[in-house]
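Undergrad: Quick one, structure for this:
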Amino acid sequence: MRAIPLTVTALAAALLLTACNDGASGAKGKSGSACELGKVSVQIGTASVAPAAGDTGEVPVSITNQSAPCTLDGFAGVELKAGGTSAKVPALQGAKAQKLKLAKGDFASFTISYVRGKAGDATSLEAKNVKISLPGSGTAMSFPWSYGPVAQKGGAGTPNASVSAFQQAGD
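TA: So this is what the prediction gives:
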């Protein structure tokens with residue numbers, strides 16, 4: 001008969017412990033809302049440029065939190081702009097976004113992969129700028145695109161490019 005009261009007591013204690021919340025959400029006590037441009041720095045790193053039409057290039061982008069803890073939950077928004085034309089770059093097929101919490105000073109990165117198009121070809125997007133936004137944030141920043149034209153797939157307007165999931169760097 002003693003097993004029943006101990007089991008009930010253990011179960012009640014387990015339920016109470018799972019209901020506790022110290023206000024932190026995530027590893028190392030990091031918490032926060034969506035990371036916002038202006039509170040994080042964005043830097044485009046040294047690219048592996050596609051040298052000729054049909055070749056693949058990669059452009060790394062790093063995000064460093066300069067403020068209160070924040071969260072990256074989803075994929076970065078990336079648009080390639082050529083004059084009055086803009087084309088949204090889709091997430092890498094099969095990639096799964098992970099929810100990353102960034103404390104002040106933490107950084108994460110993602111990569112824009114693209115297939116170089118042929119200059120002056122109607123099936124290429126002559127991109128001059130790349131516009132980047134963070135998930136959950138309503139603002140975007142533009143950067144020069146100096147990596148050549150981007151091939152399009154499936155007809156005009158869809159760049160042959162993709163955005164990888166965020167990867168957290170450091171500890």
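Undergrad: how close does the nearest residue to residue 35 once chain neighbours are set aside sit to residue 86?
TA: Closest residue to residue 35 apart from its sequence neighbours, by Cβ to Cβ, 6 or more residues apart in numbering: residue 70 at 3.8 Å. The C-beta positions use only the backbone N, C-alpha and C, and glycine is treated the same way. Noted for residue 70: a distance of 26 Å to residue 86, by Cβ to Cβ, to the nearest Å.
Undergrad: quick one on the thing from earlier: how much space separates the residue nearest to residue 35 from residue 157?
TA: Distance from residue 70 to residue 157, by Cβ to Cβ: 32 Å.
Undergrad: Mind checking which of those two has more residues around it?
TA: More neighbours surround residue 70 than the other of residue 70 and residue 157, with 27 against 12 (other Cβ atoms under 10 Å).
Undergrad: hey, what's the more buried one bridged with?
TA: Listed by DSSP bridges, the beta-bridge partners for residue 70 are residue 33, residue 102.
Undergrad: quick one: contacts for it?
TA: Residues near residue 70 by Cβ atoms under 8 Å, 6 or more residues apart in numbering: 32, 33, 34, 35, 36, 39, 40, 101, 102.
Undergrad: Just the buried ones among those, please.
TA: Among these, those classed as buried by neighbour count (16 or more other Cβ atoms under 10 Å) are 32, 35, 39, 40, 101, 102.
Undergrad: Mind picking the two most distant members of the residues you listed?
TA: 39 and 101 (14.1 Å; Cβ to Cβ).
Undergrad: how close does the residue nearest to residue 83 when sequence neighbours are not counted get to residue 93?
TA: When the adjacent residues along the chain are set aside, residue 83 lies closest to residue 128, with 7.3 Å between them (Cβ to Cβ, 6+ apart). The spacing between residue 128 and residue 93, counted by Cβ to Cβ, is 26 Å.
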